[in-house]
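Enquirer: Turn this into a structure:
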Amino acid sequence: PSAPPGMALVAVSLTLTSASAVACEHAYKSTDLSLPRQNIVLYSYGAGLNLLAATALREEVSLADLSLSSLTQHFSGWTWAVVA
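Expert: Residues are numbered from 1 along each chain as shown. Now for the predicted structure:
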């Protein structure tokens, strides 16, 4: 029997996560910038990529739809335990 498709997706996710961690570590060690400046660069790229993804995948959502209660309405007790 073949593995379920979810297992393949988990394997791909783990591989991509591991590869990105190795690439990030290489970037940290191959530059002469101080650690705080490296963090600024890293988080700037992250914010830029998130903005790009949010813009590309944007749906018409009003600011009223983004209230805290609407974002957390489907949280279970386990989710709140992890958040806490």
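Enquirer: Tell me the secondary structure at the nearest residue to residue 41 once chain neighbours are set aside.
Expert: Of all residues not flanking residue 41 in the chain, residue 33 sits nearest, at 7.2 Å (C-beta to C-beta, 6 or more residues apart in numbering). Yep, even glycine has a C-beta here, placed from its N, CA and C like the rest. Under DSSP: H, G, I helix; E, B strand; the rest coil, residue 33 falls in the coil class.
Enquirer: So for stretch 6-17, what gets flagged as buried?
Expert: Buried residues in stretch 6-17, defined by neighbour count with 16 or more other C-beta atoms under 10 Å: none.
Enquirer: For burial, what's the neighbour tally of the residue nearest to residue 41?
Expert: Residues lying near residue 33 (other C-beta atoms under 10 Å) number 12.
Enquirer: was I right about it contacting residue 42?
Expert: No: Residue 33 is beyond contact range of residue 42, at 10.3 Å (criterion: C-beta atoms under 8 Å).
Enquirer: Please enumerate the helices of this protein.
Expert: All helices of the chain, identified by DSSP state H, fall at 5-29, 35-56, 68-72, 77-83.
Enquirer: Where does the prediction get shaky in the chain?
Expert: 1-3, 59-68, 70-71 (pLDDT under 70).
Enquirer: rerun at 80
Expert: 1-4, 53-73, 84 (pLDDT under 80).
Enquirer: ok, the residue lying closest to residue 28 once chain neighbours are set aside - contacts?
Expert: Sequence neighbours aside, residue 38 is the residue nearest to residue 28 in space, at 5.8 Å (criterion: C-beta to C-beta, 6+ apart). Residue 38 is in contact with 27-28, 31, counting by C-beta atoms under 8 Å, 6 or more residues apart in numbering.
Enquirer: Report the separation between residue 38 and residue 84.
Expert: 31 Å (C-beta to C-beta, to the nearest Å).
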